[in-house]
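> Got a predicted structure plus its sequence, pasted below:
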Amino acid sequence: MSEPKPIPDAVPDALAALPGAGPAVAAKLRALGIEREIDLLFHRPLRYEDRTRITPIGRLRPQGVFQIEGRVTHQEVRQTRKRSLLVVLEDDSGQVVLRFFNFYPGQRRLYAVGNRLRCYGEVRFGPEGYEMAHPQCRVIGDSPPPLPTHLSPIYPTTAGLGQQKLGDCIDRALAGLAEGRLEMADVLGRPAGLPSLHDALAAVHRPSTDAALDSLIEGLHPAVKRLSLEELAAHHLALARLNRARARQNAQALRDSSGLVGKMLAGFPFEPTGAQKRVMAEIGKDLAGTRPMRRLLQGDVGSGKTLVAAAAAAQAIGAGAQVAIVAPTEILAEQHLRNFGEWFEPLGITPVWLAGKVTGKKRAAALQALADGAPLAVGTHALFQPGVDFAGLRLIIVDEQHRFGVDQRLALAAKGSAGRRVPHQLMMTATPIPRTLAMTAYAGLEVSVIDELPPGRKPVTTALIDEARRPEVIERIRVALADGRQAYWVCPLIEESDQLEAEAAETTAAELEHQLAGFSVGLIHGRMKPKDKQAMMDAFCAGEIRLLVATTVIEVGVDVANASLMIIENAERLGLSQLHQLRGRVGRGSDKSACVLMYKPPLGQIARERLRVMRETTDGFRIAERDLELRGPGEVLGKRQTGMLRFRIADLARDADLVPKIPNLVNRLDKTAASTLIERWIGHSERFADV
């Protein structure tokens, strides 16, 4: 039975046709998961800035974020430990220094003496007095442009796509919606007293100056709830169709006739925990049957999920099948490559490595090996791509599965499918999800939980410290480094682009290198080349780097036993689950470990409660349950993983109160409306057809 044609929302190739866009911008938008013009409307802002007013320079105060206007009266390049550009900006009330650690000749011309600038940024007290580090500036001349009448949204973006260009594209999509050029049928109307679809989009992208900002950012605002409800309904419909189709599928029974699992486990220097053995048995039973396994494996940080996955892989390989292990980042995938290589190479099995950075002859050799039946593949989303063929893929293991979209997982599964035969799938996450919520979100999946940590793991002590006590924290790091230990300093600054986030981390690294003279300080962020990132991690693992300054790129896949101190700056900006993941990077050795959560007061109620929970418990499942109760932006779905979003707006922890409303809501829809929602939020609705 075929599905009715959905009501069209947009022309699929409309991105490149947008005025001022073109193929290059369209490619950058696709890197953000934006394939069509309507997708721009569902690209939710990270935060908002109030650029509706100008603050006199004489009224600036440290730790605040301000918009100022003034004329450049001085410019110089200062060469200290790190080269920087200093620009003095004055108005009638005073002066402030603009400091840039990364600058280009064009920027020096922009900040030439005599130019009138409008700047926006955070004020700090530095060596020259009040400073703004890397403010956003524009030349305004003597006739400044009018100030906006609404709050300015700041969107997640990607390298090469500036905030201005992305905002212009979203502005045009909003205008198209208002003018009727961009059709988007409101098939749900105003459910549960929430706003209409069009009103919700306007409130999210163009909030008034008196809008409830905290509720918009936290996702508690009725406008965000309205969009979340529709997205949840679309996923519910898509999963229901998939489950009906899966009921008619079968898989190859994988029985370990060669005893490979036993041989692999015999090489381990330790005995698996009771929880690991229980989950191995559950997975082993699934793999031995002809009903396709679709199992979600949850385990707290450090609980030993990788060993369980290795046992599943060994069972499949022992049955003569191919196995693919995929992870969302190269750092995590490379860790799997090292672990699986260490465990399987003594058994005569060498993993085939495939990631975006594997090119030329190495890529050709990897593709040929997989086509010839190499038993074990490890890689990133490169394993999904066209041109990657498997001889007999029968088991797919997806780590941090919530960072991959439904569509991506289908693409990998298709590589092991033939007719109604499909591969078994094991999906893992270190992000604990309450069981009932997991069953709702991942309908049709069995859930296994490793609820026991290996013996010898010591709990991590967590402290909350006001940013004003930063010098004390730096002194604590000095003592730890002098004692031979290593430390992380995480800068999760939610900036408007990867570039500015990287610059913020670079600024912090330069400051710490100066303050911790005598100790080697490293830096890692998302804009680094993969080989440079790996070289930095290798140096940290080898102990050559004592303090590693990083963005949240180290959230998963980093395991350094000697690192016993974790500093998280601006901790109040992160969700509970992401904080828990970051804290899990320490406490992996025999030394007593600590995590310092530095926050910037004043704290909102939800942020204060999150930090309190982190201080009181290290139990990931308790944290997940509390996240659910708080309705905070629990990072269950990995919001910032560009191009790999599970949901665009909905958050299962935050929006749990909406989930029970979904069945009654979708039952009232006809098939055309259902197909419209699937096409709008997920795309390729024909792949979810009930056929």
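Yep, it's here. Residues are numbered from 1 along each chain as shown.
> Residue most distant from the centroid, the protein?
The outermost residue of the chain, judged against the average C-alpha position, is Asp92 (43.9 Å), by C-alpha atoms, centre = their mean.
> quick one: the strands in the stretch 551-691 of the chain?
Remark: strands assigned in the stretch 551-691 of the chain by DSSP state E, counting those that start in this stretch are 563-568, 594-599.
> Pipe these into JSON lines and attach mean neighbour count, mean pLDDT and distance to His150 per row.
Where C-beta positions appear, they are placed from N, C-alpha and C, glycine not excepted. Converted to JSON lines, these look like this (neighbours: other C-beta atoms under 10 Å; pLDDT from 0 to 100; distance: least, C-beta to C-beta, whole Å):
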{"stretch": "strand 563-568", "mean neighbour count": "25", "mean pLDDT": "90", "distance to His150": "32"}
{"stretch": "strand 594-599", "mean neighbour count": "22", "mean pLDDT": "92", "distance to His150": "29"}
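> Dump these into CSV; add distance to Gly58 as well.
Formatted as CSV, the strands of the stretch 551-691 of the chain follow (distance: least, C-beta to C-beta, whole Å):
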stretch, distance to Gly58
strand 563-568, 34
strand 594-599, 29
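> The residue farthest from the centre of the chain touches Ile68, doesn't it?
No. Taking contacts as C-beta atoms under 8 Å, Asp92 lies outside contact range of Ile68: 11.8 Å.
> Show me the common contact partners of those two, please.
Here Asp92 and Ile68 have Pro56 as joint contacts, going by C-beta atoms under 8 Å, 6 or more residues apart in numbering.
> what comes into contact with the longest strand along the chain?
Using DSSP state E to define each element, the chain has its longest strand at strand 65-79. The list of residues contacting strand 65-79 from outside it, by C-beta under 8 Å, 6+ apart, reads 49-51, 53-57, 60, 83-91, 95-96, 108, 111-123, 140, 144.
> redo that, cut-off 7 Å
Strand 65-79 is contacted from outside by 51, 53-55, 57, 60, 83-91, 96, 108, 111-123, 140, 144, using C-beta atoms under 7 Å, 6 or more residues apart in numbering.
> Can I get the buried part of these as one ChimeraX selection?
Buried residues among the contacts of strand 65-79 (16 or more other C-beta atoms under 10 Å), as a ChimeraX selection:
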select :55,57,60,84,85,86,87,88,89,91,96,111,115,116,117,118,119,120,121,122,123
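> Just the ones of the contacts of strand 65-79 in helices?
Here DSSP state H is the test, and the contacts of strand 65-79 give Arg108 as lying in helices.
> pLDDT at the closest residue in space to the residue farthest from the centre of the chain that isn't next to it in sequence, what is it?
Leaving aside its sequence neighbours, Asp92 sits nearest to Pro56 (C-beta to C-beta, 6 or more residues apart in numbering; 7.5 Å). The model reports Pro56 with a pLDDT of 96.
> One more: the one 5 residues further on?
On the pLDDT scale, Arg61 is placed at 92.
> and it, how far is that from Tyr599?
For Arg61, the distance to Tyr599 equals 18 Å [C-beta to C-beta, to the nearest Å].
> cool, and Phe384?
39 Å.
> Next: Cys119.
Applying C-beta to C-beta to Cys119 and Tyr599 gives a distance of 26 Å.
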